[in-house]
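Colleague: One predicted model, sequence on top.
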Amino acid sequence: MNGPIPFPDFDPVALDLGLIVIRWYALAFISGLLAGWGYILWLLRRAPFTMTGQQVGDFFSWAIVGVILGGRLGFVSFYQAEYFLENPLQIFAVWNGGMSFHGGLLGVVVAVFLYARRYGINVLSLADLVAAAAPIGLFLGRLANFINGELYGRATDVPWAFVFPTGGNIGRHPSQLYEAGLEGLLLFCMLLALARLTAARLRPGLIAGIFLVGYGLSRTFVEFFRQPDTYLGDGGFLAWGITMGQVLSAPIAIAGLVFIVYAVTHERIARTSKAEPENAR
């Protein structure tokens, strides 16, 4: 094939139900939450029985708030702080886009901590469950980014380059698909194997730590192919040619290493609780 691949003519609307119109990213968000919910319930069919099925459902309402508030505030703070300081009412205009995964992650961390403390759940065990399910949402979210033709990659002449609708008449890396494969599919398979085939869940914090390291490294790598956010100035690059995504991913990977070291140097938790809760049967 000569030249880059023309971008498919995707309909930006995933579901048109008349009064209700659902776009691809919203569908990915909803599907990711439901799939993650079901996946956690499935994991809880085996010990350790961290929480009940009812608690899983309750927690997800906390997680949704954490994702939305954290994602929006993260975007406002990390990427366009000066603009939003001058236009504070635009902070609430979420329909115009602008969400940060790193901010959403911080929001979920807060939700995990607060929920676990309130209901007497081991915070690291809950973090492990959430981390094991997180790649599902990442995978679907990045596919939605590709369908929307947004967050595309840098210019390239590789055979699989695409001409994105808003990326100029040049071939670009489909970096959304790179992220879907690394942060989503590959990381999910790794954590699934750890959760089901090893005793990793008996060491609270281990799966969460591996997720954080895996995401941090994957995002840092893909940033070499992803088009930087130009509204940051200087073509989107910071000092020494690094990107904001790489800057924000470094502390995530470091935090993951701390979790891993803590998990492997502390005693395992018991395989079963005193009384098995009503989990997802």
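Modeller: That came through fine. Residues are numbered from 1 along each chain as shown.
Colleague: Which parts of this protein are strands?
Modeller: Secondary structure of the chain by DSSP state E: the strands cover 5-6, 13-16, 21-23, 162-163.
Colleague: Pick the most buried one from those strands.
Modeller: Among the strands of the chain, strand 162-163 has the highest mean neighbour count (mean count of other Cβ atoms under 10 Å), at a mean of 20. The way it works is simple: take the backbone N, C-alpha and C, and place the C-beta from them, glycine included.
Colleague: Show me what that strand is packed up against.
Modeller: In this structure, strand 162-163 packs against strand 5-6, with contacts taken as 3 or more Cβ pairs under 8 Å, 6 or more residues apart in numbering; DSSP states H and E.
Colleague: for the strand it packs on, what is the average pLDDT?
Modeller: Strand 5-6 shows a mean pLDDT of 95.
Colleague: what's that strand packed up against?
Modeller: Counting by 3+ Cβ pairs under 8 Å, 6+ apart, strand 5-6 packs on strand 162-163.
Colleague: how about a markdown table for the strands of the chain, with distance to residue 191 added?
Modeller: Shown next, in a markdown table, are the strands of the chain (distance: least, Cβ to Cβ, whole Å):
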| stretch | distance to residue 191 |
| --- | --- |
| strand 5-6 | 32 |
| strand 13-16 | 27 |
| strand 21-23 | 28 |
| strand 162-163 | 29 |
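Colleague: right, so of those, which gets closest to residue 57?
Modeller: Nearest to residue 57 among these is strand 21-23 (22.0 Å), distances taken as Cβ to Cβ.
Colleague: Tell me which strands the closest one pairs with, and in which orientation.
Modeller: Take DSSP bridges as the rule and strand 21-23 pairs in its sheet with strand 13-16 (antiparallel).
Colleague: ok, and what's touching the partner strand?
Modeller: Applying Cβ atoms under 8 Å, 6 or more residues apart in numbering, the external contacts of strand 13-16 come out as 21-24, 26-27.
Colleague: and of those, the nearest to residue 167?
Modeller: Closest approach to residue 167 among those (Cβ to Cβ): residue 24, at 17.7 Å.
Colleague: neighbours around the closest one, how many?
Modeller: 21 (other Cβ atoms under 10 Å).
Colleague: Hmm, residue 257 is touching residue 209, no?
Modeller: Yes. Residue 257 lies in contact with residue 209 (Cβ atoms under 8 Å); the separation is 6.9 Å.
Colleague: of the two, who's got more company?
Modeller: Taking other Cβ under 10 Å, residue 257 and residue 209 do not tie; residue 209 has more neighbours (27 against 14).
Colleague: any idea how far residue 263 is from that one?
Modeller: Counting by Cβ to Cβ, to the nearest Å, the separation of residue 209 from residue 263 is 6 Å.
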